[in-house]
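> 3D model of this:
(2 chains)
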Amino acid sequence: MTTRHDTAAPPSKGGAAPGRGPGDAVSPETAKKRARLSRRWQRDLRWSPYAFVSPFFLLFAAFGLFPLLYTGWASLHTVELTAPTDMEWAGLDNFTRIFDDEFFWNAAKNTLTIGIISTVPQLLMAMGLAHILNYKLRGSTFYRVVMLAPYATSIAAASLVFVLLFGRDYGMINWFLDLIGLDKIDWQSDKWPSQIAVSSIVIWRWTGYNALIYLAAMQAIPQDLYESAALDGASRWRQFIHVTLPQLRPTILFTVVVSTIGASQLFGEPLLFDANKGASGGSQHQFQTLGLYLYEQGWVNQHLGRASAIAWTMFLILIVIGIINYVISRRLRASS
Amino acid sequence: MTTTLTKPPAEPVPEPPRRGRRGPKSARAGGQMHAGPVAYIILALFTVGSLFPLVWTAIAASRDNQRLAQTPPPFWFGGNLFDKIEIAWTDANMGEAILNTTIVAGISAVTVVFLSTIAGFAFAKLKFRGRNALMLIVVGTMMIPPQLSIIPLYMMVAKLDWTDQLQAVIFPSLVSAFGVFFMRQYLLQALPDEIIEAARVDGASSWRVVWHVVFPAARPAMAVLGMLIFVQVWNDFLWPFLVLTQNGNPTVQVAVAGLGRGFTPDQALIMGGALLGTLPLLLVFAIFGKQIVGGIMQGAVKG
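Alright, predicted model coming up:
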């Protein structure tokens, strides 16, 4: 080893000293050390990025990806809640079972309608609110924080208060309807009122949050666009339509996707809105969502395999939504 | 949206804002128009709408079942507030629940922030093979709701005998693709490449760069992410509801949801519990509201 270094050293000493750096002139020992350091340096540069991202991916693999895929596997088995580790092959039985169940389709329809009732007004109001918050305001921070207070309130707390506010006999909302001469509404038992009431919990919690996201996007719109529009004589309303909305397109799409995913998973609100805290989503299943139906099959009826089939079906639905979203956003980008 | 229709009075003042454009912050001056009275009225309505259910929670908690079953519903506080809160605290395990939730949310927030910062740094500033593909996976996983994985997770918890134990809630909450994404977006622009280069020239290893350069630069975003994760874990409902029970290590949400059971539930007590479970977060929002708002908006623009 040493001889090699001895023979290797001289040429660098004689000729291309600047290429090798000044260190080589000192001693072969330092050169060796430097080489080792530089190798360690190389290794550090090369591998530390993976070390930095690996904790996330390991956790994700263990608690995200694996369970997701295993859900698909479990959906092909009969698994009981009482013995969750005993699995018996069942083929597609779980899927045929749920597709034959009228309550599955009922839950799917409810999820869709509650999703629309909660998402559309929520995003429209958020847009209007963001527009107002975008004015020069006195105390603008105060309003922004206040709009976020419902977001800080948990599903459980919010749902339980709304149950009281929507109470049939003594609730404040019915009291108010009565006061202005309207009929009282049975917010719990009637289909559409109950779906509106459940949606209102979602709307209450998320409108302010979405307004902040729209507001952030509005503030990023270059001022010149408004100025040239104003020079062209566009009214403020037309500026909103022709400048603000097109500029917000990606943000709107983002909020629509996020809200859609959230709506497809609705669980806590309808669960707690039922006075008896049942998983059936009301006595007639009038506001049972897919999330509740999954819970009912898995934890009330104790068929985890069937619940897995529901989860996997929801996953496939989300993939379809994702593809639709991708196609739409590509179309939008192509057209603009 | 309706306000835009009803806001013509602000029209004939296009001159002053144009002068403002010359300022350095022209791009951020989106709302240079002063708000009219209509805007303030609408904001007042939204303020009342946002706060009323919270205030009324306290009002209902200060009453009793009898009063809550009369027709003009109460609009002002009665005398039972502290009694109900005390009962909720002792009988319904709320004290333990708040402690449990603080532990769970605290551990999750700290871990997620730490792991997200180093991963976000790698994605934002380091070059490695497969970086773009891996980042695409991160973004993709943000779109998958965790709810779809609960059944195998439940089986895992059953197998490990973790039912009623806090780690059953902590571990799944450590996965946050949003956190990685958030930190990456922040570090992309908050951390100049030159500083990293300078540290490298001084012979700092990647780990030293993280410790001495990235963490100090990322501190504001780390604080915001920590608060967002804390709120999210604090309010998480479905998963804790499945693996924790009211009498064995409940989180706040499990305890509050459990308050409503029984033949004739004590509505004021339920409201007292709901109030107790919400107050800590409202307090955080009252103190750090500005930063949280800023963080949400920051994450939104770059997202």
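> From here on, just use CA atoms for contacts and neighbour counts.
Noted.
> which regions of the chain sit below the pLDDT cut-off?
With no chain named, the answer covers chain A. A:1-26, A:275, A:277, A:336 (pLDDT under 70).
> that's the wrong chain, I meant chain B
Applying pLDDT under 70 to chain B flags residues B:1-32, B:260-264, B:299-303.
> Could you break it into its assigned domains?
According to automatic domain parsing, chain B comprises the domains B:2-21+B:30-61, B:88-302.
> quick one: contacts for the residue of the stretch 101-250 of chain B at minimum distance from chain A?
Proximity of the stretch 101-250 of chain B to chain A (C-alpha to the nearest C-alpha) peaks at B:A119, 4.3 Å away. Contact analysis of B:A119 by C-alpha atoms under 8 Å, 6 or more residues apart in numbering or on different chains lists A:P49, A:F52, A:V53, A:S54, A:F56, B:V180, B:R184.
> Farthest-apart pair in those residues, please.
Longest distance between any two of the contacts of B:A119 is 15.0 Å, between A:S54 and B:R184; criterion C-alpha to C-alpha.
> quick one, which of the two is more surrounded?
Neighbours were counted for A:S54 and for B:R184 using other C-alpha atoms under 10 Å in any protein chain shown; B:R184 has more, 24 against 15.
> roughly how far is the strand or helix carrying that one from the heart of the chain?
If you go by DSSP states H and E, B:R184 is part of helix B:177-190. For helix B:177-190, the separation from the chain centroid amounts to 17 Å (computed by C-alpha atoms, centre = their mean, to the nearest Å).
> that older thread, just the buried positions in whichever strand or helix holds the residue of the stretch 101-250 of chain B closest to chain A, please.
Following DSSP H and E, one finds B:A119 within helix B:94-125. By neighbour count on 16 or more other C-alpha atoms under 10 Å in any protein chain shown, the buried set for helix B:94-125 is B:94-98, B:100-125.
> before we move on, the earlier item: select from the contacts of B:A119 the one having the most neighbours.
The residue in the contacts of B:A119 with the most neighbours, by other C-alpha under 10 Å, is B:V180 (30 neighbours).
> Let me see the contact set for the closest residue to it other than its chain neighbours.
Nearest non-adjacent residue to B:V180, counting by C-alpha to C-alpha, 6 or more residues apart in numbering or on different chains: B:S116, 4.3 Å away. Listed by C-alpha under 8 Å, 6+ apart, the contact set of B:S116 reads A:F56, B:S176, B:G179, B:V180, B:F181, B:M183.
> now, which of these sits nearest A:I114?
Distance to A:I114 across those (C-alpha to C-alpha) is lowest for B:S176, with 27.3 Å.
> so how far is B:R129 from that closest one?
Counting by C-alpha to C-alpha, to the nearest Å, the separation of B:S176 from B:R129 is 22 Å.
> what's the most buried one of the domains of chain B?
Burial of the domains of chain B is given as mean neighbour count (mean count of other C-alpha atoms under 10 Å in any protein chain shown); domain B:88-302 ranks first at a mean of 20.
> Tell me which stretches of the stretch 1-150 of chain A form helices.
For the stretch 1-150 of chain A, the helices defined by DSSP state H, counting those that start in this stretch occupy A:2-14, A:17-20, A:28-60, A:66-74, A:93-100, A:102-133, A:140-152.
> List the buried residues of the longest one.
Residues of helix A:28-60 classed as buried: A:28, A:31, A:41, A:45-46, A:48-50, A:52-53, A:55-57, A:59-60 (neighbour count, 16+ other C-alpha under 10 Å).
> which helices and strands does it pack with?
helix A:2-14, helix B:94-125, helix B:206-209 (3 or more C-alpha pairs under 8 Å, 6 or more residues apart in numbering or on different chains; DSSP states H and E).
> Toward the C-terminus, what is the element adjacent to the longest one?
Using DSSP H and E, the next helix or strand after helix B:94-125 towards the C-terminus is helix B:131-142.
> contacts for that following helix?
With C-alpha under 8 Å, 6+ apart as the test, helix B:131-142 has contacts from B:F123, B:S176, B:A177, B:F178, B:V180, B:F181.
> In CSV, list these along with distance to A:M127.
As requested, the contacts of helix B:131-142 are exported to CSV (distance: C-alpha to C-alpha, whole Å):
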residue, distance to A:M127
B:F123, 32
B:S176, 28
B:A177, 27
B:F178, 23
B:V180, 28
B:F181, 25
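> Tell me who's in contact with residue 265.
Went with chain A since none was named. So A:Q265 contacts A:L290, A:G291, B:P145, B:Q147 (C-alpha under 8 Å, 6+ apart).
> if you could check chain B rather than the one you did, that'd help
By C-alpha under 8 Å, 6+ apart, the contact set of B:P265 is B:L259.
> what's the spacing between B:I98 and A:G233?
Separation of B:I98 from A:G233 (C-alpha to C-alpha) stands at 58 Å.
> go on, B:L81?
Taking C-alpha to C-alpha, one finds B:L81 at 58 Å from A:G233.
> B:L281 now?
B:L281 is 47 Å from A:G233, by C-alpha to C-alpha.
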